[in-house]
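K.L.:
got a predicted model here, sequence first, then my questions.
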Amino acid sequence: MKAGDFLTLARELASGTEEAGYRSSISRGYYAIYHGCIALSRQCTTPYVQEKDKGMHDRTFERLEKGCIGQAEERLIQAIAKMGRVLKDRRVVADYKLDEPQQKKDAIQTLNSVDRMVEKLMGLNIDISS
């Protein structure tokens with residue numbers, strides 16, 4: 001399985017008519033990007049932050065923000081981390097905040113953001129294809 005398989009499923013789910021599908025689309029789109037960010041973080045020189053109060057997702061984004069300092073693409077990598085955090089927040093709403101309705105437009109907006117991030121990651125030789 002590849003990260004892009006999540007993106008393929010996210011697109012299928014967004015084309016449906018049910019809120020559960022839109023929520024799942026947002027979640028799967030995020031995970032496609034998150035796995036791309038893990039691959040990118042392996043190119044960073046600093047170790048993961050070892051703070052106990054931070055989960056692996058936050059530590060991955062923090063590593064991209066701080067651990068790739070000095071690389072030619074430093075600003076691009078930091079922008080990827082920032083957008084990864086935004087997508088994570090959208091995923092948290094989709095997965096846990098069931099009282100906040102999610103519509104087709106939310107799924108499509110998220111997938112548009114995911115597509116922009118895929119382009120940025122591919123520019124750094126991180127493959128998110130299925």
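P.N.:
Thanks, I have the structure now. Numbering: from 1, shown residues only.

K.L.:
quick one: residues in contact with stretch 61-70.
P.N.:
Outside of stretch 61-70, the residues within contact range by Cβ atoms under 8 Å, 6 or more residues apart in numbering are 37, 40-41, 43-49, 54, 74, 77-78, 80-82, 84-85, 88. No exception for glycine: its C-beta is placed from N, CA and C like everyone else's.

K.L.:
which intervals of this structure have sub-threshold pLDDT?
P.N.:
Flagging of the chain using pLDDT under 70 yields the residue ranges 46-51, 67, 69-71, 130.

K.L.:
just the helices in it please.
P.N.:
With DSSP state H, the ranges of helices along the chain come out as 3-14, 19-41, 56-67, 74-96, 104-123.

K.L.:
make a markdown table from those and add distance to S129 and mean neighbour count to it.
P.N.:
Below are these laid out as a markdown table (distance: least, Cβ to Cβ, whole Å; neighbours: other Cβ atoms under 10 Å):
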| stretch | distance to S129 | mean neighbour count |
| --- | --- | --- |
| helix 3-14 | 4 | 19 |
| helix 19-41 | 10 | 22 |
| helix 56-67 | 20 | 19 |
| helix 74-96 | 17 | 17 |
| helix 104-123 | 9 | 18 |
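
K.L.:
spit out the contact partners of the spatially most central residue of the chain.
P.N.:
Nearest to the geometric centre of the chain sits I33, at 3.3 Å (Cα atoms, centre = their mean). Residues near I33 by Cβ under 8 Å, 6+ apart: 3, 83-84, 87, 114, 117-118, 121, 128.

K.L.:
if you set the cut-off to 10 Å instead, what comes out?
P.N.:
3, 6-7, 80, 83-84, 87-88, 91, 110, 113-118, 120-121, 128 (Cβ atoms under 10 Å, 6 or more residues apart in numbering).
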